[in-house]
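Q: Please work out how this folds:
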Amino acid sequence: MPSVNRSDPLYDQVYEALWSRIVSGEIKPGARLSDLQWSAKLNVSRTPVREAMRKLQQDGVLLPLTRGGYEVLRISANDLQSLYRCRAVLESLAVREAAENISKKQLEKLTQLFEQTDQAVADKKFERAFKLNTQFHQSIVQFCGNPYLQGLLSNLSRMILYARSSLMVAANNPEIVRPYAEHLESTQKDHGEILELLKAGDASGAARRMEEHLFATGQNMGRIAKALGES
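A: Numbering: from 1, shown residues only. Now for the predicted structure:
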């Protein structure tokens, strides 16, 4: 396993190295981690590894063990739905604030992301569709221009990304492909309606539609997570 690049701060590098491995599924939910283990794997001292693991604990991804070390959090379907309910309220405010001053160029960017996602879904490139879907939402949050709201959503989105990563790892599971494809199609329909409301300058309508969309997404993700647990 390659070591980290010592030209950058070790704490940040170790944090991102662990985070990327967790999200990709290389480090799986329920896995146990120790600073000694990962300092050897990354060829660094134990101090930056401890700092990185404490940050991952603060994020909610790692749980401390009584005998030392950490366990990667297992997220239930109910956890996933709870995360999305929080996100729904916050992003409905983000889209309302974005709608008040959104520019033609910003609308063009959202349109481009929407069309690219359509193509990815049609091609059954689910990982690309997932990334483009995320960019659509991130762009709206960026356009809202509210740094406090952006900070809250940034922290929440980190946990949601982790929670959804297990679904992406299992995207080729025959039991999951059909419901996940149906979910993406439903998501695209919602995004199209939100985009049209933004183009029409309907801030209240766009906010209401975003909240409905994310509540429904939470329910869909919860159902898929339950199916994964039963398969």
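Q: use CA for all of it now, contacts and neighbours both
A: Noted.
Q: List the contacts of the residue sitting nearest the centre point of the chain.
A: For the chain, residue 161 is the residue whose C-alpha lies nearest the centre (Cα atoms, centre = their mean; 2.3 Å). Applying Cα atoms under 8 Å, 6 or more residues apart in numbering, one finds that residue 161 lies in contact with residue 23.
Q: Kindly report the same for residue 137.
A: Residue 137 neighbours (Cα under 8 Å, 6+ apart): none.
Q: Just the element for it, please.
A: Per DSSP states H and E, residue 137 falls inside helix 126-144.
Q: which is the next helix or strand following that helix?
A: Sequence-wise, the next helix or strand downstream of helix 126-144 (DSSP H and E) is helix 147-169.
Q: Can you tell me the element residue 71 falls in?
A: strand 70-72.
Q: which helices and strands sit right next to that strand?
A: strand 32-33, strand 62-64 (3 or more Cα pairs under 8 Å, 6 or more residues apart in numbering; DSSP states H and E).
Q: possible to save these as CSV with distance to residue 221, mean pLDDT and mean neighbour count?
A: Below are those laid out as CSV (distance: least, Cα to Cα, whole Å; pLDDT from 0 to 100; neighbours: other Cα atoms under 10 Å):
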stretch, distance to residue 221, mean pLDDT, mean neighbour count
strand 32-33, 26, 96, 19
strand 62-64, 21, 95, 20
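Q: can you redo those strands as CSV with distance to residue 108?
A: As requested, those are arranged in CSV below (distance: least, Cα to Cα, whole Å):
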stretch, distance to residue 108
strand 32-33, 44
strand 62-64, 39
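Q: nearest to residue 102, of the ones you listed?
A: Closest approach to residue 102 among the helices and strands packed on strand 70-72 (Cα to Cα): strand 62-64, 37.9 Å.
Q: Reduced to three states, what does the residue of the chain most remote from its centre come out as?
A: Within the chain, the residue lying farthest from the chain centre (Cα atoms, centre = their mean) is residue 67, at 30.7 Å. At residue 67 the chain is in coil, as set by DSSP: H, G, I helix; E, B strand; the rest coil.
Q: Residue 29 too?
A: With three-state DSSP as the criterion, residue 29 reads coil.
Q: again with residue 38
A: Residue 38 ends up helix, using three-state DSSP.
Q: Could you list which residues are in contact with residue 209?
A: Contacts of residue 209 by Cα under 8 Å, 6+ apart are 92, 190, 193, 194.
Q: now these in TSV, with secondary structure?
A: Output for the contacts of residue 209, formatted as TSV (three-state DSSP):
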residue	secondary structure
92	helix
190	helix
193	helix
194	helix
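Q: longest helix in the chain, by residue count?
A: Ranked by residue count under DSSP state H, the longest helix found in the chain is helix 203-230.
Q: Tell me the buried residues in stretch 149-156?
A: Across stretch 149-156, burial judged by 16 or more other Cα atoms under 10 Å covers 149, 150, 153, 156.
Q: contact partners of it?
A: Contact with stretch 149-156 is made by 59, 83, 87, 90, 91, 94, 141, 142, as judged by Cα under 8 Å, 6+ apart.
Q: Report the distance from it to the chain centre.
A: 12 Å (Cα atoms, centre = their mean, to the nearest Å).
Q: and what of stretch 149-162?
A: Centroid displacement of stretch 149-162 relative to its chain, using Cα atoms, centre = their mean, is 8 Å.
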